[in-house]
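Undergrad: pasting a predicted model and its sequence here:
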Amino acid sequence: MKKLYILFTGFVFSLLTCFLLLSLLFTFGGQWNVVVFSQVSIPKLFPDYSGTRFEEPKPKAVFIENESNDSGVPKPGQQTKQNSIANKTLSTKATTLKPTTTLAPSTTTNLKPTTTLTKAKPTTSSKTTILTAPKMTPVPTTPKPVSKRYYVCANRVGGLGNNLFQFATSFGVAFSKDMTAVTPQRGAINAVFNLTKNRWLEIAPDNSLCRGSKGRGEKQASGFDPNLINFKADSSYTLTLYLQSWRYFNDSIPELRKQLIFRSNVQNRANAIFDNILKKLGKSKRSDVIFIAIHIRRGDMVNNGFGYQVATGDYIKRAVKYFSNITNRIFVVCSNDLNWGRNNIPGDEKVEYVTGNPREVDFAILASCDHIITTVGSFSWWAGFLNKGTVLYFKWPAKEGSRLRHAYSKDYSDYFLPHWIGL
């Protein structure tokens, strides 16, 4: 009986031992098989493997892990071997593995990577999980703010000549300070000249752009005042009053001349008068004659107590003589006192007296001649400015000691252009 008990006990112990060994075998053997499976070379596992590589875009990091590793992190020893095939495409007849993220070219250079890696969903037949490269998120750039434009305005007083000084000074100051001059759409300047809006000029339908502007006044009507334009372009300004000095707009003269082009209806009437003069002379071409303009301003200036000094007959005779070396010359006279002109222009000269035209047509005639003799007044000054030839001027436009004389600089150099010839 005792022997039977020993045999039975040994048999049970043997069964338990076998059962334990089998359990251990199944437990560690299955995991061993997976590890071995994961280390088998790819070409042997997949006969149709073509060896194709991803060219664009290249994933930044790809790890192939065992499905049984729930932590999502490659096992020690696997990462180095797996990285060698990170950029290859694995294809079988049943399954094609593709990168799950395409990095499209960005339209901005300011890119920042996201802070997390995204997991791609595995295909139904795949045993792998692919960690894709981080996405690049575009960072929008903020456009530079547009700088505010400030305006330069000028009060409009007087006639066409005075208005031209006010226009030119506001334009010149705006040009030098990179501001914008404002001129009225229905003003005299825009009616005569073909003005063009640009960075330095605004043709306004009303005075709204000048409302609230800061005022700055001149010390001399016909002299240069540096304090008038001594300001920063951080606000809009209105300049007063006559502003009659070329120094205010000297730097902008090329741009100013582009603005002061006569409108076609004005220039065409002036050209028609030149054509009639040529017919009288029996000439067919403009180049056959040298036209010399004479502008004589008298009328309201003769008996004015303010201090105007009109040009004398002696000045006119000397100015005409100045051009005596031009053989094919003819003088074209525009004046508000033609009888005085006939009595003071030498009778042996060829002279054409122009009458019956609007002021802007006379203005275009004077400016379009080859040379010009000016007298006094802003109308005459601007006819000389727009003329492209030699300009003669009367040197003493104001009586000494008069109120008008104090409006000019000591030697008139702020008023008359340096290259003009004074007589």
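TA: Yep, it's here. All figures in this text were calculated on a predicted structure; none of them were measured in a lab.

Undergrad: which residues touch residue 376?
TA: By CB atoms under 8 Å, 6 or more residues apart in numbering, the contact set of residue 376 is 297, 301, 308-311, 394, 397. Where you see a C-beta, it was placed from the backbone N, CA and C, and this is true even at glycine.

Undergrad: isn't residue 223 right up against residue 415?
TA: Yes. Counting by CB atoms under 8 Å, residue 223 does reach residue 415; the two are 7.2 Å apart.

Undergrad: more neighbours: those two, which one.
TA: residue 415 (23 against 20; other CB atoms under 10 Å).

Undergrad: give me the pLDDT for that one.
TA: Residue 415 carries a pLDDT value of 98.

Undergrad: now do residue 234
TA: pLDDT, read off for residue 234, is 96.

Undergrad: just the helices in this protein please.
TA: 2-38, 42-45, 78-83, 160-177, 188-192, 253-259, 264-281, 313-322, 338-344, 359-368, 378-386 (DSSP state H).

Undergrad: shared neighbours of residue 223 and residue 415, which are they?
TA: In contact with both residue 223 and residue 415: 245, 408-409, using CB under 8 Å, 6+ apart.

Undergrad: picking that back up, weakest of the helices of the chain by average pLDDT?
TA: helix 42-45 (a mean of 40).

Undergrad: residue 332: which of the helices of the chain is closest?
TA: helix 359-368 (6.4 Å; CB to CB).

Undergrad: what angle sits between the closest one and helix 160-177?
TA: 60 degrees (axes from the mean of the first three to the mean of the last three CA atoms, to 10 degrees).

Undergrad: which of the shared contacts of residue 223 and residue 415 sits closest to residue 256?
TA: Taking the shared contacts of residue 223 and residue 415 together and measuring to residue 256 by CB to CB, the closest member is residue 245, at 13.9 Å.

Undergrad: residue 415 is in contact with the closest one, correct?
TA: Yes. Using CB under 8 Å, residue 245 makes contact with residue 415 at a distance of 6.3 Å.

Undergrad: what residues are shared contacts of those two?
TA: 222-223.

Undergrad: OK, contacts around the spatially closest residue to residue 165 that is not a sequence neighbour?
TA: Sequence neighbours aside, residue 244 is the residue nearest to residue 165 in space, at 4.6 Å (criterion: CB to CB, 6 or more residues apart in numbering). Contact partners of residue 244, counting by CB under 8 Å, 6+ apart, are 162, 165, 221-222, 378, 381, 415.

Undergrad: the strands in the stretch 201-350 of the chain, which residues?
TA: Remark: strands assigned in the stretch 201-350 of the chain by DSSP state E, counting those that start in this stretch are 201-204, 214-217, 237-240, 290-296, 329-335.

Undergrad: can I get these in a markdown table with mean neighbour count, distance to residue 401 and mean pLDDT?
TA: Shown next, in a markdown table, are the strands of the stretch 201-350 of the chain (neighbours: other CB atoms under 10 Å; distance: least, CB to CB, whole Å; pLDDT from 0 to 100):
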| stretch | mean neighbour count | distance to residue 401 | mean pLDDT |
| --- | --- | --- | --- |
| strand 201-204 | 18 | 40 | 98 |
| strand 214-217 | 12 | 24 | 97 |
| strand 237-240 | 20 | 26 | 98 |
| strand 290-296 | 24 | 25 | 99 |
| strand 329-335 | 22 | 28 | 98 |
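
Undergrad: would you reformat the ones you listed as CSV and include distance to residue 373?
TA: What follows is the strands of the stretch 201-350 of the chain, written out as CSV (distance: least, CB to CB, whole Å):
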stretch, distance to residue 373
strand 201-204, 31
strand 214-217, 34
strand 237-240, 31
strand 290-296, 5
strand 329-335, 8
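
Undergrad: what about those, which gets the closest to residue 423?
TA: strand 290-296 (12.8 Å).

Undergrad: list the pairing partners of that closest one within its sheet, with orientation.
TA: Applying DSSP bridges to the sheet, strand 290-296 is found paired with strand 329-335 (parallel), strand 371-373 (parallel).

Undergrad: closest to residue 237 out of these?
TA: strand 371-373 (33.7 Å).

Undergrad: which residues touch stretch 312-328?
TA: So stretch 312-328 is in contact with 288-290, 292, 294, 296, 329, 331, 341, 343-346, 349, 371, 373, 375, 390, 392, 394, 421, 423, going by CB under 8 Å, 6+ apart.

Undergrad: now the buried members of these.
TA: By the neighbour-count criterion of 16 or more other CB atoms under 10 Å, the contacts of stretch 312-328 include these buried positions: 289-290, 292, 294, 296, 329, 331, 341, 344-345, 371, 373, 375, 390, 392, 394.

Undergrad: mind listing what the closest residue to residue 375 other than its chain neighbours touches?
TA: Distances taken as CB to CB, 6+ apart place residue 311 nearest to residue 375, at 3.8 Å, with adjacent residues excluded. By CB under 8 Å, 6+ apart, residue 311 lies in contact with 296-297, 375-376, 394.

Undergrad: ditto for residue 377
TA: Applying CB under 8 Å, 6+ apart, the residues near residue 377 are 161, 297, 301, 397.

Undergrad: in a markdown table: those residues, plus distance to residue 205 and neighbour count.
TA: Formatted as a markdown table, the contacts of residue 377 follow (distance: CB to CB, whole Å; neighbours: other CB atoms under 10 Å):
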| residue | distance to residue 205 | neighbour count |
| --- | --- | --- |
| 161 | 25 | 19 |
| 297 | 33 | 24 |
| 301 | 35 | 18 |
| 397 | 36 | 26 |
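
Undergrad: among those, find the lowest-pLDDT one for me.
TA: Ranking those by pLDDT puts residue 301 at the bottom, with 91.

Undergrad: ok, the contacts of residue 244 vs residue 200, which is closest?
TA: residue 165 (17.0 Å).

Undergrad: hang on, the closest one packs against residue 241?
TA: No. Residue 165 is beyond contact range of residue 241, at 10.1 Å (criterion: CB under 8 Å).

Undergrad: more neighbours: the two, which one.
TA: Neighbour tally, residue 165 and residue 241, criterion other CB under 10 Å: the higher count belongs to residue 165, 25 against 14.

Undergrad: how far away is the more buried one from residue 390?
TA: As judged by CB to CB, to the nearest Å, residue 165 and residue 390 stand 22 Å apart.

Undergrad: for residue 230, same thing?
TA: 35 Å.

Undergrad: same thing with residue 302?
TA: Distance from residue 302 to residue 390, by CB to CB: 27 Å.
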